[in-house]
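**Student:** Sequence plus the predicted model coming up.
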Amino acid sequence: MATEETRTTTTSPAIRRSTESTAPETPATRAWTTRLVVAGIVLAALNLRPAITSLGALLEEVRGGLGMSGGVAGLLTSVPPLCFAVFGVTAPRLAHRFGPAAVVCAGMVAITTGLAVRPYIGGTAGFLAASALALMGIAVSNVLMPVIVKRWFPDRVGSMTGLYSMALALGTSAAAAVTVPMTDALGGDWRSGLVVWAGLAAAAVVPWILLARARGADSPAGDRGPAGAARAGDRESAASGAARTGARGSVASGTGRIRDPAPAAATAARTGDLGPAGPVVTRHEPGGPRITRSRTAWALAVFFGLQATAAYITMGWMPQIFRDAGVAAGTAGLLLAVTMVMGVPLAFVIPRLATRLPHQGPIVVVLGLCGLAGYAGLYLAPAAGAWAWALLLGISNCAFPLALTMVGLRARTGAGVAQLSAFAQSTGYLLSIPGPLLVGVLYQHSGGWGLPLAMMAGLMVPQIGVGILAGRNRTVEDEAAA
């Protein structure tokens, strides 16, 4: 009689048919697919923020063109976290049904379509609807990126999360820096400056179409995905590099015995073991942990929400803060770009450092103190020290790659990462919705930036506290089972 860890070729006709229909993956094919996954991750990451920061750089022109009040503009800057909360929670279910590659591909198509039509659809309502379409694609891709990284590169969570976060920061800063001068070069129409970013999104569709069409592209060792053996109960997916941690999970010849190397993969991630990939098979639990029973999951969700609040206030309103202080529009866009570009090097360094520490609390504290100093500077001397405040807030915004890294570190299994990623991001973005809207309301009614900046600084204190709790060395599976 077959046990839970043993499968034979006679136990299930459905599994046998799925196995027979899947050709063995050659090393050359596996290497090509891995390179395609890396290219897809980078291109997807480049497109996860231009929809937001390109708008922030031209917010004053868009407000004038569409007749928006400060309150409506605040609502517009709250649309990103709202969409991320509403649509991000659907990502794991969609990925289970269609496969992560297909869902990310659809997300890139949605981003392309939304960015292409929103400048020309007419009226505030149409602009908001098209923005929501693009942000829906961003939402599902946000949630699935950590899942794809964990599934394909379980022993390189820190370095691959760093690469993804670095590309995300590069796309964010590029949109902030070049949107205004590009708009001027295209005739000064803000619509032209916004629509060009649809081209970058279209380029990201290509690798994900290839990955969605490829058999077994959703995991490195030919995981048959939801269309094949997963529906028959074969929920194993490939991992890589666990052999270097001492857990040499493999399929034993003739027996089909599988040893679960998830703990070893998690150990490799925590220690920063960046060994070469090797095909290893892991088992995904059908339901995953009961995530709401984990205190760490809740702490990570609140941390994610507070850092998202700060990030979207910065992306949506920081250029306006500088422009109100007398800084030229082009320079204000460059200052936002400086804030965002700080994430390029730090998004690679911080995840690698985080995986080498047993507790990520010290990193949380340093980032929070930089944020407090930046807000104080914006209040006391927004124009005189503009470049310094932009640098400090850029460092503080690197709480985002740290949060993504902690998602990979606080769960042992693929199912746990998927649930934790969806829960932390969806709950976090839900918590962050009021922030940008409240900034717009306070700005309109107070006539200045004193109250909004005080609110932003006040939120940084609990962000530090919950970040320390989320950084403790424990996993959601252990807490959910307790």
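**Tutor:** That came through, no problem.

**Student:** got any ranges where the stretch 351-482 of the chain has weak pLDDT?
**Tutor:** 482 (pLDDT under 70).

**Student:** check which helix or strand covers Val86.
**Tutor:** helix 70-88 (DSSP states H and E).

**Student:** which helices and strands sit right next to that helix?
**Tutor:** helix 50-57, helix 59-66, helix 123-152, helix 295-324, helix 414-432, helix 434-446 (3 or more CB pairs under 8 Å, 6 or more residues apart in numbering; DSSP states H and E). In this view, the C-beta of every residue, glycine as well, is placed from N, C-alpha and C.

**Student:** between it and helix 59-66, what angle do the directions make?
**Tutor:** 100 degrees (axes from the mean of the first three to the mean of the last three CA atoms, to 10 degrees).

**Student:** what's the offset of helix 70-88 from the middle of its chain?
**Tutor:** Here helix 70-88 shows a centroid-to-chain-centroid distance of 17 Å under the convention CA atoms, centre = their mean, to the nearest Å.

**Student:** how about the CA coordinates for it, as CSV?
**Tutor:** Output of helix 70-88 as CSV, limited to C-alpha atoms (Å, rounded to 0.1, in the frame of the first residue of the first chain):
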residue,chain,number,x,y,z
GLY,A,70,-7.2,68.0,-4.1
GLY,A,71,-9.6,65.4,-2.6
VAL,A,72,-10.2,63.7,-5.9
ALA,A,73,-6.4,63.7,-6.5
GLY,A,74,-6.0,62.1,-3.1
LEU,A,75,-8.5,59.4,-4.2
LEU,A,76,-6.5,58.9,-7.3
THR,A,77,-3.4,58.3,-5.3
SER,A,78,-5.3,55.8,-3.1
VAL,A,79,-6.4,53.7,-6.1
PRO,A,80,-3.1,51.7,-6.3
PRO,A,81,-3.4,50.2,-2.7
LEU,A,82,-7.1,49.7,-3.2
CYS,A,83,-6.6,47.6,-6.3
PHE,A,84,-3.7,45.8,-4.8
ALA,A,85,-5.9,44.8,-1.8
VAL,A,86,-8.9,43.8,-3.9
PHE,A,87,-7.2,42.0,-6.7
GLY,A,88,-4.1,40.7,-5.0
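
**Student:** model confidence over whatever helix or strand Ser165 lives in, on average?
**Tutor:** Per DSSP H and E, Ser165 falls inside helix 157-185. Mean pLDDT, helix 157-185: 83.

**Student:** Renumber starting at 37 from here on
**Tutor:** Understood, numbering begins at 37; the last thing we discussed is helix 193-221.

**Student:** what comes up buried for the following helix or strand past that helix?
**Tutor:** Note on helix 193-221: by DSSP H and E, the next helix or strand toward the C-terminus is helix 226-231. Along helix 226-231, these residues count as buried under the neighbour rule (16 or more other CB atoms under 10 Å): 226-227, 229-231.

**Student:** Just the residues contacting helix 226-231, thanks.
**Tutor:** 90-91, 94, 97-98, 101, 151-152, 154-156, 215-216, 218-219, 222 (CB atoms under 8 Å, 6 or more residues apart in numbering).

**Student:** Quick one: buried ones out of those?
**Tutor:** 90-91, 94, 97-98, 151-152, 154-155, 215-216, 218-219.

**Student:** from the residues you listed, which two are the most distant?
**Tutor:** By the measure CB to CB, Ala152 and Val216 form the most distant pair in the buried ones among the contacts of helix 226-231, at 20.1 Å.

**Student:** Kind regards, and thank you for your time.
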